[in-house]
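A.B. asks: The following comprises the amino acid sequence and a computationally predicted model.
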Amino acid sequence: MAGALSVDAGAAVVACFGEVLLRFSPPGGTALRDARELAVHVGGAEANVAVALSNLGLATRMISTLPESDLGTLAMKALRAERVDCSRLARGPGRMGSYFLTPAAGPQAGSVLYDREGSAFALTRNYDESALDGATHLHLSGISLAVSEAAAQATIAMARAARARGMTVSVDANYRASLWQRAGRDARPAIADLVEQADLFFGNHRDAALLLDRDFDGEGSARRRLAAQALFDRFTNLSAIASTARHVEPDGSHTIVARVDGRETFAEAAPRVLTNIVDRIGTGDAFAAGVLSGWLAAPADLPEAAERGVTLAQLKHYAEGDFTRTSAAEVAAAMQGAADVAR
């Protein structure tokens, strides 16, 4: 593991394509059915990655469609405040996509209620390929494929356009059963079509089982390696696969294991044990951003990418809201084990 986090912010321009969302959530420990007040946060998987990378010092751009409403303006202002390029954020008819969160409390899992039908992003089918001008990498999520048929077509088109331009592409599976059930479409071929455009895939053995229509036996690292090798065999374009495994203990503590697999080797970061968690939402996106920051700087350094990913995910558990605003210096300090007050 490298001793310091070093990202050349001028070396990469990361475009993120997907739906920007509003999150409404009651105070921790309160169920939606009992809520008397709701906090509002701007988020969405791809936007979370854009914000995290921006705070790490990379140039990022958000490509999406927001409604022509005050809620759309709220979301745009939040992204601009994080220094995300919003010049290719279109405005259009439709509503603001959102979700309602019952936060996790100790060993009790949280729950999400999506409200995304008829959103401006869901209604937009065509995006100008010029939105990718100047970008070197495109990050996408399988969530967009489930939002609507129009969004699915736009996502695939954007991925193919990026590859045609010689950009690298990352895809996070982000399988959401409730969205796919509502969509009434088969997730497997849609996500597989997107992964065929990717260089870097974020997905675990469950995502591999979905994509390959097979189960993976064994436990722990061996099963994750077997799943990764099966994905490499199926998707010849992939050069790396990043994944996490989470174990929740009865006392409410979490243990997270993260790894990055290459075709010939893999790297697994030391497990992180987390207690007194503040907010789990966005931790997977933080992991993706951390891995991306390492992989884009040094694609062959899998240990560094894995450590950056799990460290940023670990830190996100203690930040409220969907965004992680951790700086590169803070990630470097955490990777070195710094936990005392800096004076």
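C.D. replies: Yes, it's here.
A.B. asks: where does the stretch 1-150 of the chain have low pLDDT?
C.D. replies: For the stretch 1-150 of the chain, applying pLDDT under 70 flags the ranges 1-10, 106-108.
A.B. asks: again, only using 50
C.D. replies: Within the stretch 1-150 of the chain, the segments meeting pLDDT under 50 span 1-10.
A.B. asks: all helices for it, in order.
C.D. replies: 45-55, 70-81, 120-123, 143-147, 149-164 (DSSP state H, counting those that start in this stretch).
A.B. asks: Read off the pLDDT value for the residue most central in space within the chain.
C.D. replies: Nearest to the geometric centre of the chain sits D285, at 3.0 Å (CA atoms, centre = their mean). Listed pLDDT for D285 reads 98.
A.B. asks: Confirm that it sits in a helix.
C.D. replies: Yes: counting by DSSP: H, G, I helix; E, B strand; the rest coil, D285 is located in a helix.
A.B. asks: Apart from its neighbours in sequence, what residue is nearest it?
C.D. replies: Sequence neighbours aside, N48 is the residue nearest to D285 in space, at 3.6 Å (criterion: CB to CB, 6 or more residues apart in numbering). All C-beta atoms are positioned from the backbone trio N, CA, C, and that covers glycine.
A.B. asks: quick one: contacts for the one you found?
C.D. replies: Applying CB atoms under 8 Å, 6 or more residues apart in numbering to N48 gives the contacts G282, D285, A286, A289, D322, F323, T324.
A.B. asks: make it 7 Å
C.D. replies: By CB atoms under 7 Å, 6 or more residues apart in numbering, the contact list for N48 reads G282, D285, D322, F323.
A.B. asks: returning to what we had before: out of the helices of the stretch 1-150 of the chain, deepest packed?
C.D. replies: Across these, averaging neighbours per residue (mean count of other CB atoms under 10 Å) puts helix 45-55 on top, at a mean of 28.
A.B. asks: The stretch 201-343 of the chain: helices as residue ranges?
C.D. replies: Secondary structure of the stretch 201-343 of the chain (DSSP H, counting those that start in this stretch): helices at 205-212, 220-234, 283-297, 302-316, 328-335.
A.B. asks: Can you lay out the helices of the stretch 1-150 of the chain as CSV showing distance to M96?
C.D. replies: Shown next, in CSV, are the helices of the stretch 1-150 of the chain (distance: least, CB to CB, whole Å):
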stretch, distance to M96
helix 45-55, 13
helix 70-81, 4
helix 120-123, 7
helix 143-147, 13
helix 149-164, 15
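A.B. asks: Nearest approach to A332 belongs to which of those?
C.D. replies: Proximity to A332 (CB to CB) singles out helix 45-55 among the helices of the stretch 1-150 of the chain, at 13.2 Å.
A.B. asks: Give me the angle between the closest one and helix 283-297.
C.D. replies: Angle between the axes of helix 45-55 and helix 283-297 is 50 degrees (criterion: axes from the mean of the first three to the mean of the last three CA atoms, to 10 degrees).
A.B. asks: With just CA atoms, put helix 45-55 into CSV.
C.D. replies: Extracted as CSV, the C-alpha positions of helix 45-55 are listed here (Å, rounded to 0.1, in the frame of the first residue of the first chain):
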residue,chain,number,x,y,z
ALA,A,45,-25.4,7.1,-7.3
GLU,A,46,-23.6,8.8,-10.1
ALA,A,47,-23.9,12.3,-8.5
ASN,A,48,-22.4,10.8,-5.3
VAL,A,49,-19.4,9.6,-7.3
ALA,A,50,-19.0,12.9,-9.0
VAL,A,51,-19.0,14.8,-5.7
ALA,A,52,-16.6,12.4,-4.0
LEU,A,53,-14.1,12.6,-6.9
SER,A,54,-14.4,16.3,-7.0
ASN,A,55,-13.5,16.6,-3.3
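A.B. asks: From the chain's centroid, how far away is it?
C.D. replies: Centroid separation for helix 45-55 versus its chain: 8 Å, with CA atoms, centre = their mean, to the nearest Å.
A.B. asks: now it and helix 149-164, what's the angle there?
C.D. replies: 40 degrees.
A.B. asks: sorry, back to before: quick one: which of the contacts of N48 is most hemmed in?
C.D. replies: Top of these by neighbour number is D285, holding 31 neighbours under the definition other CB atoms under 10 Å.
A.B. asks: any idea how far that one is from D322?
C.D. replies: Distance, D285 to D322, using CB to CB, to the nearest Å: 8 Å.
A.B. asks: next one: P303
C.D. replies: Using CB to CB, P303 is found at 28 Å from D322.
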